[in-house]
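Asks: Give the three-dimensional model of this entry:
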Amino acid sequence: MNKIKKTLAGITTALSMIGTGQSLAGDASKSLAVDLLERGLVKADTAFINENVHSDYIQHNPLAPDGLDGLLGFVGYLETLKDPIAIKPVRVLQENDLVLVHSEYDLEGKKAVFDLFRIEDGKLAEHWDAIQDIPETTVSGRTMTGGPTAITDKDKTAVNKQLVTGFVNDILVNGKGDKLTDYIGDTYHQHNPNVGDGLQGLGTFIGYLAENNISFYYSKIHRVVAEGNFVFTQSEGDFGGNPTAFYDLFRVENGLIVEHWDVVQEIPTEFAHDNGMF
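Replies: Numbers count the residues shown, from 1 in each chain. As a prediction, this is how the structure comes out:
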């Protein structure tokens with residue numbers, strides 16, 4: 001009888017997870033991505049890397065060579081640094097075969113980092129990232145990684161993903177400023193270090209760019225990862241006349257975007273591979 005009850009409980013759990021659109025492999029995929037950072041990079045656990053990373057691992061970090069051997073070589077490089085690397089994962093999202101980790105790194109200074117992984121056959125198969133120095137102060141007073149971390153409203157994943165994708169396309173790609181209030185209301189907590197809270201803070205920043213003839217636009221969304229109330233977008237565009245990677249994370253509440261984190265990184269002209277940043 002106990003065995004039957006346990007089986008029925010397992011079926012019920014599986015069905016509930018399917019109902020929210022959560023992958024049954026979600027926890028395992030998240031753990032795999034976090035472990036690569038905490039064990040593979042921080043602890044230089046090459047046995048873990050050899051076991052859990054595809055031999056043809058595709059790398060998009062500009063400084064790290066391609067493939068499994070390239071990753072192992074990069075880990076070896078990290079070991080040569082004067083101060084050891086430390087990584088504190090703050091948020092982890094998973095949708096289908098993509099896992100996003102939002103972290104604070106201690107890597108030659110404090111850094112805000114988004115690592116995006118693709119999982120294939122239970123192994124890490126591809127990696128993208130963007131990294132930005134964390135300043136001592138920010139306009140809003142909020143840190144680049146602080147704020148809520150709990151994933152809620154998993155039944156609203158699809159509609160929240162549609163909302164954020166619409167915002168990035170309408171406002172950031174196509175410049176439809178008149179539609180801004182369709183996506184953002186009275187509450188908008190800002191973690192970009194150069195932008196204040198609310199629509200007023202956003203308007204002040206845009207005004208500063210215009211007054212100083214600083215170009216800023218998104219040209220294309222490459223990937224979107226959503227889980228519940230959090231939606232991440234990976235985009236490219238231009239900032240200050242330089243090709244730029246924009247990694248944005250949004251929190252949605254009651255049908256509106258209420259919080260934003262990002263990492264902005266200039267796209268270099270030289271790479272350790274031929275894959276580009278996207």
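
Asks: contacting residues around the most centrally placed residue in the chain?
Replies: In the chain, the residue lying closest to the centroid (C-alpha atoms, centre = their mean) is Phe114, at 4.1 Å. By C-beta atoms under 8 Å, 6 or more residues apart in numbering, Phe114 lies in contact with Leu100, Val101, His102, Ser103, Asp129, Ala130, Phe232, Tyr247, Leu249, Val263. Yep, even glycine has a C-beta here, placed from its N, CA and C like the rest.

Asks: let's see it at 10 Å
Replies: Residues counted as contacts of Phe114 (C-beta atoms under 10 Å, 6 or more residues apart in numbering) are 91, 100-103, 128-132, 225, 232, 234, 245, 247-249, 261-263, 265.

Asks: Buried ones in the helix or strand hosting it, by neighbour count?
Replies: If you go by DSSP states H and E, Phe114 is part of strand 110-120. Using 16 or more other C-beta atoms under 10 Å as the test for burial, strand 110-120 gives Lys110, Lys111, Ala112, Val113, Phe114, Asp115, Leu116, Phe117, Arg118, Ile119.

Asks: Equivalent analysis for stretch 72-89, please.
Replies: Judged by neighbour count using 16+ other C-beta under 10 Å, the buried positions of stretch 72-89 are Leu72, Phe74, Val75, Ile85, Ile87, Pro89.

Asks: Can you list which of those residues are found in strands?
Replies: Among the buried residues of stretch 72-89, the ones falling in strands (DSSP state E) are Ile87, Pro89.

Asks: Among the buried residues of stretch 72-89, which one sits closest to Glu38?
Replies: Checking these against Glu38 by C-beta to C-beta gives Ile87 as the nearest, at 6.1 Å.

Asks: Helices along the protein, start to end?
Replies: 2-19, 26-35, 46-52, 67-79, 157-167, 198-211 (DSSP state H).

Asks: Nearest to Ala272 among these would be which one?
Replies: Using C-beta to C-beta, the helices of the chain put helix 67-79 closest to Ala272, at 7.3 Å.
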